[in-house]
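Chemist: Okay, sequence plus prediction incoming.
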2 protein chains.
Amino acid sequence: MNLLILSCGTRDKVVQYFKTAFAKQGRIVCTDCSPYAPALYEADAHYIVPRITAPEYLEVLYEICKKEAITGVLSLIDPELSLIAAHEAQFRALGVQIIGSDYELCERTLNKWELFGWMEAHGYSCAKTYCTMEAFRAALERGEVQFPVFVKPMKGSASIQIARADDMETAAFLFAHGEQMIIQEYMTGQEIGADVYIDLICKKVVSIFTKKKLVMRAGETDKAVSFIDEKLFAFITKFAEESGFAGQIDMDLFEKDGVYYISEVNPRFGGGYPHAYACGADHMALIRNNLMGIENPVQIGGYAVDKVMMKYNEIMLTTVYKEEASGGC
Amino acid sequence: MNLLILSCGTRDKVVQYFKTAFAKQGRIVCTDCSPYAPALYEADAHYIVPRITAPEYLEVLYEICKKEAITGVLSLIDPELSLIAAHEAQFRALGVQIIGSDYELCERTLNKWELFGWMEAHGYSCAKTYCTMEAFRAALERGEVQFPVFVKPMKGSASIQIARADDMETAAFLFAHGEQMIIQEYMTGQEIGADVYIDLICKKVVSIFTKKKLVMRAGETDKAVSFIDEKLFAFITKFAEESGFAGQIDMDLFEKDGVYYISEVNPRFGGGYPHAYACGADHMALIRNNLMGIENPVQIGGYAVDKVMMKYNEIMLTTVYKEEASGGC
């Protein structure tokens, strides 16, 4: 039982936690296109690989899977989720299980307009979203939405290119100056993050950790506090199971006047997951169990509440990389 | 011999390093206005204090100095450097030495226009800077500067409110829409960071660590590589000693066509200092020696070169803070 973590980047904590969960039972192998991805050096073995857009990329991964006798694989970056999901059969043929959602779901979460459409159709409260200026103007007129709004790319990761518009002139300018833009309601209220695990065997949500975000910094949660609300757990469980997610998902929500709104979903470990782990929601052990063929029991909640997570910078040193035969970016 | 670190924030590594240097010889006491400053919890003792702008702020610090038998004090944030420097006599009366530069120097480094004027007058190469649109237009006409340029506040910390202008219309707009703005040459070339220690007793530069910045993220150095250049050491030594800095300073420079340009100076530990420490430039030991009355020998260079520093997120947990009698922000 060996795990391959793709595009590990600076996610040292995730690799450390997996090493703890797999200790003596399996090895953790990491890849990244940069030799200066510190999480590489936390792993039992690591490979500098080509960029995910390189034509030979998947072949390189398959070779690593064979050489390292990999049994499970997951990626930590959005654009790679669909790529590996689309090649599920090839990984399976090598005895490798993808710890993640299927292709259709990965694509849906990448596309804010598609995700909104699905949520609207299935009755989940979410931020109002418009993909044409006409639709937005009409919604404004009937009082469905007010300024300020966010103008952002339909497909986009993190907070890249997201701008706030306080009036029609700015909204129209931003909409016209981007490719495939959407206009989204500016949500107010308490921002919430959820780390959710959907068992790969029984397909049920077996663990949820929720936190209120206190301080953001450069698009990431810098400080947050853990809490428990059974109503929120039920909402998340229904959403994740009805959607059909599998493995780890990271959700952003808002709470306003007692109603929860879904704002974003990423079918992978989010940057704030260490908070969940530190409070006792050990999803690495759940993944290990699944890879061993063990179904996890539903155990939602039960973690430490009122615990504030505070991020700070740790560093790792490595020597200047001298390029070898292998690729890299 | 006990050290007080003010506004410690998320600088956990700095506090950890001081604890190592002072082990068994003195205690490290930290303050911050937020109970969610993780570095607080690295210290031997910590205090949640009012904001630095609160009228009672200094009195609170003096009380801590007395109670904890503090012998040295330093701050980790720019706006506080001048404040404590201006009250050097009061700290001295309590037996507390400020590990830092005098008031005039703290003010000069905060004011980009003043710093530029001093560097020009003393023959140090630096980014061309203009404080009126007329001066900038004239410089453009005589070919002294070209677009793009940076438009930024004369007094400002980090990369707050810094915008790039590619044409006169944008430059004029940005200049008019900020308070006390300056226009600065857009430096190209290799960005460099220097961590410098000026001995408090002999006033000489006794240690310099330099690194080439490789990757920036949200205004901070995310990855950098250590290097040694005697010419750069001589340039930095001359600048720091002629300026009259004392204690730790953090410098940003550019190297272009073999010439070094000074871009920014902060008379405190910079966010990238852990790189220096990890390569062997232990400035905490130099501070400990100074507080013990020991002058440090000049020992510039001699650290590990070609070492790449990679940052990643570490986390710390604390319980939700229940406000007590003391202040906080």
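Modeler: On my side now, so go ahead.
Chemist: What residues does chain A have near chain B?
Modeler: The interface of chain A toward chain B, taken as Cβ under 8 Å from any Cβ of the partner chain, is made up of A:10-13, A:36-39, A:214-215, A:217-218, A:223, A:225, A:271, A:274-275, A:278-279, A:306-321. Every residue, glycine included, has its C-beta placed from N, CA and C.
Chemist: filter those to the buried ones?
Modeler: A:10-13, A:36-39, A:214, A:223, A:225, A:271, A:274-275, A:278-279, A:307-318 (16 or more other Cβ atoms under 10 Å in any protein chain shown).
Chemist: So which of these sit within helices?
Modeler: Among those, the members falling in helices (DSSP state H) are A:12, A:13, A:274, A:275, A:278.
Chemist: what two of those are the furthest from one another?
Modeler: A:12 and A:275 (14.9 Å; Cβ to Cβ).
Chemist: so is residue A:251 in a helix, a strand, or just coil?
Modeler: When classified by DSSP: H, G, I helix; E, B strand; the rest coil, residue A:251 comes out as strand.
Chemist: Tell me the confidence at it?
Modeler: Here the pLDDT value assigned to residue A:251 is 97.
Chemist: What residues are bridge-paired with residue A:248?
Modeler: Beta-bridge partners recorded for residue A:248 (DSSP bridges): residue A:197.
Chemist: That one - how many residues pack around it?
Modeler: By the measure other Cβ atoms under 10 Å in any protein chain shown, the count of residues near residue A:248 is 26.
Chemist: do the same with residue A:302
Modeler: Residue A:302: 11 surrounding residues under other Cβ under 10 Å.
Chemist: Helix or strand for it, just tell me which one.
Modeler: Counting by DSSP states H and E, no helix or strand carries residue A:302.
Chemist: distance between the helix ranked longest in chain A and the chain's centre?
Modeler: The longest helix of chain A (DSSP H) is helix A:230-243. Remark: helix A:230-243 is offset 17 Å from the chain centroid, using Cα atoms, centre = their mean, to the nearest Å.
Chemist: Pass me the low-pLDDT residue ranges in the stretch 51-200 of chain A, would you?
Modeler: A:157-161 (pLDDT under 70).
Chemist: Strands along that one, start to end?
Modeler: With strands called from DSSP state E, counting those that start in this stretch, the stretch 51-200 of chain A shows them at A:72-75, A:97-98, A:129-130, A:149-153, A:163-165, A:181-185, A:190-198.
Chemist: Out of these, the one nearest residue B:61 is which?
Modeler: Here strand A:190-198 is closest among those (Cβ to Cβ), at 34.6 Å.
Chemist: how about that closest one as PDB, C-alpha atoms only?
Modeler: Presented in PDB, the C-alpha positions along strand A:190-198 are these (Å, rounded to 0.1, in the frame of the first residue of the first chain):
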ATOM      1  CA  GLN A 190     -19.800  34.600   8.200                       C
ATOM      2  CA  GLU A 191     -17.400  32.800   5.900                       C
ATOM      3  CA  ILE A 192     -17.100  29.100   6.600                       C
ATOM      4  CA  GLY A 193     -14.700  26.400   5.500                       C
ATOM      5  CA  ALA A 194     -15.500  22.600   5.500                       C
ATOM      6  CA  ASP A 195     -13.200  19.700   5.100                       C
ATOM      7  CA  VAL A 196     -15.200  16.600   4.100                       C
ATOM      8  CA  TYR A 197     -14.400  13.000   3.500                       C
ATOM      9  CA  ILE A 198     -16.600  10.800   1.400                       C
END
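Chemist: quick one: buried residues of that strand?
Modeler: A:191, A:192, A:193, A:194, A:195, A:196, A:197, A:198.
Chemist: Is the closest residue to residue A:47 other than its chain neighbours in a helix, a strand, or coil?
Modeler: Take residue A:47 and drop its neighbours on the chain: the residue closest to it by Cβ to Cβ, 6 or more residues apart in numbering or on different chains is residue A:31, 4.8 Å away. Three-state assignment for residue A:31 (three-state DSSP): strand.
Chemist: Tell me how many other residues crowd residue A:31.
Modeler: 25.
Chemist: which residues touch it?
Modeler: Contact partners of residue A:31, counting by Cβ atoms under 8 Å, 6 or more residues apart in numbering or on different chains, are A:4, A:5, A:6, A:7, A:8, A:40, A:46, A:47, A:48, A:49, A:61, A:64.
Chemist: State the pair within the residues you listed that is farthest apart.
Modeler: So, these by Cβ to Cβ: farthest apart are A:40 and A:61, at 15.1 Å.
Chemist: Of these two, which one has the most company?
Modeler: More neighbours surround residue A:61 than the other of residue A:40 and residue A:61, with 28 against 25 (other Cβ under 10 Å).
Chemist: and the more buried one, what does it touch?
Modeler: A:4, A:6, A:31, A:49, A:73, A:84.
Chemist: For stretch A:251-265, report the contacting residues that lie outside it.
Modeler: A:109, A:112, A:115, A:119, A:124-127, A:187-194, A:196, A:231-232, A:235-236, A:239, A:243, A:245, A:249-250, A:266.
Chemist: swap that for stretch A:227-246, please
Modeler: A:99-102, A:105, A:118, A:122, A:124, A:192, A:194, A:196, A:198, A:200, A:203-205, A:208, A:210-212, A:249, A:251, A:253, A:255, A:260, A:262, A:265, A:267, A:300-301, A:303, A:305-306.
Chemist: where's the residue nearest to residue A:47 relative to residue A:74, distance?
Modeler: Residue A:31 sits at a distance of 11 Å from residue A:74 (criterion: Cβ to Cβ, to the nearest Å).
Chemist: Repeat that for residue A:231.
Modeler: From residue A:231 to residue A:74 the distance is 30 Å (Cβ to Cβ).
Chemist: out of the two, which sits in the busier spot?
Modeler: Remark: of residue A:231 and residue A:74, residue A:74 carries more neighbours, 24 against 11, as counted by other Cβ under 10 Å.
Chemist: mind listing what that one touches?
Modeler: For residue A:74, the contact set (Cβ under 8 Å, 6+ apart) comprises A:3, A:4, A:5, A:6, A:98, A:99, A:100, A:247, A:248, A:268, A:269, A:287.
Chemist: Identify the bridge partners of it.
Modeler: With DSSP bridges as the rule, residue A:74 is bridged to residue A:5.
Chemist: now the stretch 201-329 of chain A, which segments are flagged as low pLDDT?
Modeler: Those would be A:324-329, if you go by pLDDT under 70 across the stretch 201-329 of chain A.
Chemist: Which stretches in it count as strands?
Modeler: A:205-217, A:220-227, A:247-256, A:259-266, A:307-319.
Chemist: what's the closest non-adjacent residue to the closest residue to chain B within the stretch 101-250 of chain A?
Modeler: With Cβ to the nearest Cβ as the measure, residue A:218 is the residue of the stretch 101-250 of chain A nearest to chain B, at 3.5 Å. Spatially, and ignoring its direct neighbours in sequence, residue A:218 is nearest to residue B:218 (3.5 Å; Cβ to Cβ, 6+ apart).
Chemist: Kindly report the same for residue A:276.
Modeler: residue A:209 (3.6 Å).
Chemist: roughly how far apart are residue A:72 and chain B?
Modeler: 23 Å (Cβ to the nearest Cβ, to the nearest Å).
Chemist: Count residues in the vicinity of residue A:106, would you?
Modeler: Neighbours of residue A:106 (other Cβ under 10 Å): 24.
Chemist: same thing with the one 3 residues further on?
Modeler: Residue A:109 is flanked by 24 other residues according to other Cβ under 10 Å.
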